[in-house]
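1. Return atomic coordinates for the entry below.
(one chain, ligands or ions: 2)
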Amino acid sequence: MRFISISEYDEHTMQLAKPVYDAKRRILLAAGSTIHPKYRERLIDIGISHLIVEDAVSRGITMEELLDAPTWLDVIDCLQMAYVAAGTDRIFPAKDLLAAAGMLLKESSQRTVIVALPSSTVAAEMQAYAHSVNVAIMALQTGKRLGYNQLQLRDLVVGCLLHDIGKAKDNRSESHPESGFQIVRGIREISLLSAHVAYQHHETLDGNGHPRQMGGKEIHEYAQVCAVANRYDHLTTDERMQPHEAMETIMAQSGIKYAENVVSAFVRSVPAYPPGARVRLLDGNEAIVTRIVHHLQRPCIRIMETGEELSLADHPSIMIQSK
Ligand SMILES: [Fe+2]
Ligand SMILES: [Fe+2]
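-> Ligands and ions are numbered 1, 2, ... in the order given. Next comes the predicted model:
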């Protein structure tokens, strides 16, 4: 299976590899089905811009690295409830949220790498929540790489899940960190450090961030981890960059906007070439990433023309063209 933009979908050669859900989590189309062009329009109307399909090109790509869709949707559901509570002063579902964070921690302890499902594969109404879940997943892997213990990881994950919750009250981009901080710090079950992730996730090392232009060492490391994951998710979704391009953009800001140790841990935790990605090699050959074994940035690939499969980790001389 592989991700494609919905505009690339061809009903004659492709089947859905994963179900498509609407905003109420009802299955619109089951795995294995093909999409009639009329129905494709409907999916575009509800904001879905990417699909996970099975076709001849993606043969043998199982994407075991992908986070389990039911887990992903459960956490999205839980966040949606949290946003509703924050926006209406209902009781905040703190226990559910901590349980959701625990589910992500458990998933991550069982795998070397987790690839998040792009938020563009769900209906527009769910995308803000999907974004936060994806930020939390990437932050979690980065935190592991930074050597955080389980408690530290939990505070980081909860902070990342809630980093944009200020938007539930106040959608202005400048003030959501502050509103988010106020919401999260009022929840007894949640650590103040998680509240600071919400407060500081738009601050940058150079002091040009917002809302407090903090800069340098004042910013908590959890907030920097969240900032990097947040930026990466925006680049790959809103700005439609390829993962490796987004990675390069982040790397270019290492030591400028983001702490070097955080960027370096991020780069070693989030795959720039996820399974299913099409790449061009320096020798001109087109290839597709089939799986990630141990080296995150040197995955296994299949050369399109010959069908030959090889691991880039074992062939250091084979290079991927950056564009
Ligand atoms: Fe934000
Ligand atoms: Fe965000």
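2. Got the confidence number for residue 203?
-> With respect to pLDDT, residue 203 scores 97.
3. ok, and what's touching the helix or strand hosting residue 155?
-> Using DSSP states H and E, residue 155 sits in helix 150-161. Helix 150-161 has contacts (CB atoms under 8 Å, 6 or more residues apart in numbering) with 75, 79, 82, 97-98, 100-102, 104-105, 132-133, 135-136, 139-140, 143-144, 148, 184, 190-191, 193-198, 222-223, 225-226, 229. Just so you know, the C-beta spots here come from the backbone N, C-alpha and C atoms, and that holds for glycine as well.
4. Could you list which of those belong to strands?
-> Assignment to strands by DSSP state E places none of those there.
5. filter the residues you listed to the buried ones?
-> Neighbour-count burial (16 or more other CB atoms under 10 Å) applied to the contacts of helix 150-161 gives 75, 79, 82, 97-98, 100-101, 104-105, 132-133, 135-136, 139-140, 143-144, 148, 184, 190-191, 193-198, 222-223, 225-226, 229.
6. Apart from its chain neighbours, what residue comes closest to residue 176?
-> residue 166 (3.4 Å; CB to CB, 6 or more residues apart in numbering).
7. Confirm that the one you found sits in a strand.
-> No. Read with DSSP: H, G, I helix; E, B strand; the rest coil, residue 166 is helix and lies in no strand.
8. so it makes contact with residue 175?
-> Yes. Using CB atoms under 8 Å, residue 166 is in contact with residue 175, at 6.9 Å.
9. Between the two, which is the more surrounded one?
-> Neighbour totals were compared for residue 166 and residue 175, and residue 166 leads with 24 against 15 (other CB atoms under 10 Å).
10. how close does that one get to ligand 2?
-> Residue 166 sits 10 Å away from ligand 2, going by CB to the ion, to the nearest Å.
11. Residue of the stretch 51-200 of the chain nearest ligand 2, please.
-> Of all residues in the stretch 51-200 of the chain, residue 164 sits closest to ligand 2, with a separation of 4.4 Å (CB to the ion).
12. tally of neighbours for residue 28?
-> Residue 28 has 17 neighbours, counted by other CB under 10 Å.
13. Next, it: secondary structure please.
-> Once three-state DSSP is applied, residue 28 turns out strand.
14. how near is it to residue 22?
-> Separation of residue 28 from residue 22 (CB to CB, to the nearest Å) stands at 5 Å.
15. remind me which residues of the stretch 101-250 of the chain are low pLDDT?
-> Judged by pLDDT under 70, the stretch 101-250 of the chain has no weakly predicted residues.
16. which stretches of it form helices?
-> Under the criterion DSSP state H, counting those that start in this stretch, the stretch 101-250 of the chain contains helices at 124-145, 150-161, 176-185, 192-200, 221-237, 243-252.
17. Run through who's touching stretch 19-32.
-> In contact with stretch 19-32 (CB under 8 Å, 6+ apart) are residues 15-18, 35, 39, 43, 46, 48, 51, 69, 73, 77, 121-126.
18. List buried residues within those.
-> The neighbour-count test (16+ other CB under 10 Å) marks 16-18, 35, 43, 48, 51, 69, 73, 121-123, 126 as buried among the contacts of stretch 19-32.
19. what's the most distant pair in those residues?
-> Of all pairs drawn from the buried ones among the contacts of stretch 19-32, the greatest distance, 20.1 Å, lies between 35 and 73 (CB to CB).
20. Who are the contact partners of the closest residue to residue 5 other than its chain neighbours?
-> Using CB to CB, 6+ apart and skipping the chain neighbours, the partner closest in space to residue 5 is residue 50 (5.9 Å). Residue 50 sits next to 3, 4, 5, 6, 118, 120, 121 when contact means CB under 8 Å, 6+ apart.
21. Recalculate using a threshold of 6 Å.
-> 3, 5, 118, 120, 121 (CB atoms under 6 Å, 6 or more residues apart in numbering).
22. Look up phi and psi at it.
-> phi -130, psi 150 (degrees, to the nearest 10).
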